[in-house]
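Peer 1: Here is a sequence with its predicted model. Questions after.
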Amino acid sequence: QPAATRASRTAPGAARAQTHSLSATRKVFADSDVDKDGVISEREATTIGVSKPQFRAFDNDGDGKITSDEFVVGYRQLVAEAGQSAAPDLEAEATRLQSLRRAQAAETERMRQARSGAASESGSPERRAAAAGATPERIRAANGAGQTSDAGRVPARTGATERPVGDRAAGERPVGERPVGERPAPETRDRATTPSRPTQPPAARPAPQPRPQPAPRPAAPRPAPRPSGQGGRG
């Protein structure tokens, strides 16, 4: 006779309730596990009178199989629905397993929320400050660091869209930047950007003054010509 049917037809009372002990429940599970793989499939569950809705209630994790612990909790529920009482050991074990389920579910939910919160706050200044020990000074420093990084970016030229460095393809130059070979030489850039000073004409030098010349000396008087002697002789 199916175990679930036996549980529903057994008369209530302390004496009869001893038939629903933990050891008896484990034995029912072992007998139902025909292929001895440690779990009860849906087909095997039908041999002990477990309906499909009951099977889904037994299968706590929804993997399509009933483990030994899942069977203990589910079987105790069948006994209660039949208006009967479970033995103290079955009642205690089922209660312990249900408490363990609730604790595991709460831990799973806590970890899920922690991962979700870490993903949404991993890049915020508050998150970085909290990781280093959240103090007002460190939070202000983290906020200042974030503003500095944004303020230090070179703005794109007017009319051109500059993509972030991480989005550029290999070898791609920023917008407006000329190839290395076309850049003017440093001297050319300096001349182009540095205003030239006005050229001043050189100062005129004074004309050289002529040196004073000595006054010419007067020529010595020449002796008067002497009269010729021929005239005297006549």
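Peer 2: That came in fine, so what should we check first?
Peer 1: then stretch 24-39 to PDB, C-alphas only?
Peer 2: C-alpha atoms of stretch 24-39 as PDB (Å, rounded to 0.1, in the frame of the first residue of the first chain):
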ATOM      1  CA  ALA A  24      10.300   4.600   9.000                       C
ATOM      2  CA  THR A  25      10.200   7.600   6.800                       C
ATOM      3  CA  ARG A  26      13.800   7.000   5.700                       C
ATOM      4  CA  LYS A  27      12.900   3.400   4.900                       C
ATOM      5  CA  VAL A  28      10.000   4.500   2.700                       C
ATOM      6  CA  PHE A  29      12.400   6.700   0.800                       C
ATOM      7  CA  ALA A  30      14.900   3.900   0.300                       C
ATOM      8  CA  ASP A  31      12.300   1.500  -1.000                       C
ATOM      9  CA  SER A  32      10.900   4.100  -3.400                       C
ATOM     10  CA  ASP A  33      14.400   4.800  -4.900                       C
ATOM     11  CA  VAL A  34      14.200   1.900  -7.300                       C
ATOM     12  CA  ASP A  35      17.400   2.700  -9.200                       C
ATOM     13  CA  LYS A  36      19.300   3.500  -6.000                       C
ATOM     14  CA  ASP A  37      20.700   6.800  -7.300                       C
ATOM     15  CA  GLY A  38      20.000   8.600  -4.000                       C
ATOM     16  CA  VAL A  39      17.000  10.600  -5.300                       C
END
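Peer 1: mind listing what's buried in that stretch?
Peer 2: 24-26, 28-29, 32-33, 39 (16 or more other CB atoms under 10 Å). From N, CA and C alone the C-beta is placed, and that goes for glycine too.
Peer 1: Residue 77: which of the residues you listed is nearest?
Peer 2: Nearest to residue 77 among these, counting by CB to CB, is residue 25 at 11.5 Å.
Peer 1: The closest one is in contact with residue 73, isn't it?
Peer 2: No. Taking CB atoms under 8 Å as the definition, residue 25 is not a contact partner of residue 73, at 10.0 Å.
Peer 1: Going along the chain from the lowest-mean-pLDDT helix or strand in the chain, find the next helix or strand for me.
Peer 2: Every helix and strand of the chain was ranked by mean pLDDT, DSSP states H and E. The lowest is helix 14-17, at a mean of 41. The helix or strand immediately downstream of helix 14-17 is helix 22-32, counting by DSSP states H and E.
Peer 1: Which positions within the helix or strand just after that following helix qualify as buried?
Peer 2: Counting by DSSP H and E, the next helix or strand C-terminal to helix 22-32 is helix 42-46. Residues of helix 42-46 classed as buried: 44-45 (neighbour count, 16+ other CB under 10 Å).
Peer 1: Make 9 the first number, not 1, from now on.
Peer 2: In the new numbering, first residue 9, that becomes helix 50-54.
Peer 1: for helix 50-54, packing partners?
Peer 2: Packed against helix 50-54 by the contact rule (3 or more CB pairs under 8 Å, 6 or more residues apart in numbering; DSSP states H and E) you find helix 60-66.
Peer 1: Since that was my last question, I'll sign off now.
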